[in-house]
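> structure for this input, please:
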Amino acid sequence: MSVKYPNLVSEIAKRGIRRSVMASTLGISARALYNKMEGKAPFTWPETCIIRDTFFPDMNKDDLFYKSDDRDAS
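Numbers count the residues shown, from 1 in each chain. Have a look, this model is predicted:
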C-alpha cells in the first residue's frame with residue numbers, strides 16, 4: 001500500500017486498531033477506507049473528526065492526518 005498518511009497508518013498499527021472496525025465506524029467499506037488511506041479518495045471533515053474523536057482523542061488532527069507529500073514539498 002502506498003502510504004499517504006504515515007502517522008495515521010503508524011498509530012493504527014501501534015494501537016492494534018482493525019481497519020474493518022474503523023471502516024464500520026465511518027459507515028464505509030473497507031475498500032473505501034483503503035482508498036482514502038492511499039490518497040485515491042479524500043477523507044471528509046466529518047470522517048477525520050470521527051476517526052480522531054473515536055480512536056485517537058489524544059492526538060492533534062493535523063499531526064494524525066498529515067500527508068506524506070506535504071512535508072516533502074518544503
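> what is the burial count for the residue nearest to P6 when sequence neighbours are not counted?
Setting aside the residues directly before and after it, P6 is nearest to S68 in space (C-beta to C-beta, 6 or more residues apart in numbering), at 5.4 Å. Glycine gets a C-beta too; all of them are placed from N, C-alpha and C. S68: 14 surrounding residues under other C-beta atoms under 10 Å.
> what sits against S68?
By C-beta atoms under 8 Å, 6 or more residues apart in numbering, S68 lies in contact with V3, K4, Y5, P6.
> out of those residues, which sit inside helices?
The helices, defined by DSSP state H, take in P6 from those.
> ok, and the most crowded of the contacts of S68?
The most crowded member of these, judged by other C-beta under 10 Å, is K4 (21 neighbours).
> show me where pLDDT drops low in the protein?
1-2, 70-74 (pLDDT under 70).
> can you rerun that using 50?
For the chain, the stretches with pLDDT under 50 are 72-74.
> all helices for it, in order.
6-15, 19-26, 30-38, 45-55, 61-64, 68-72.
> any idea how far M22 is from K36?
With distances taken as C-beta to C-beta, to the nearest Å, K36 is found 10 Å from M22.
> and what of K61?
Distance from K61 to M22, by C-beta to C-beta: 15 Å.
> looking at those two, which is more packed in?
Per other C-beta under 10 Å, whichever of K61 and M22 has more neighbours is M22, with 20 against 14.
> so the more buried one sits against I50, correct?
No. The criterion here is C-beta atoms under 8 Å, and M22 misses it with I50 at 9.1 Å.
> in this structure L26 contacts L33, no?
Yes. L26 is within contact range of L33, at 6.8 Å (criterion: C-beta under 8 Å).
> of those two, who's got more company?
Per other C-beta under 10 Å, whichever of L26 and L33 has more neighbours is L33, with 21 against 18.
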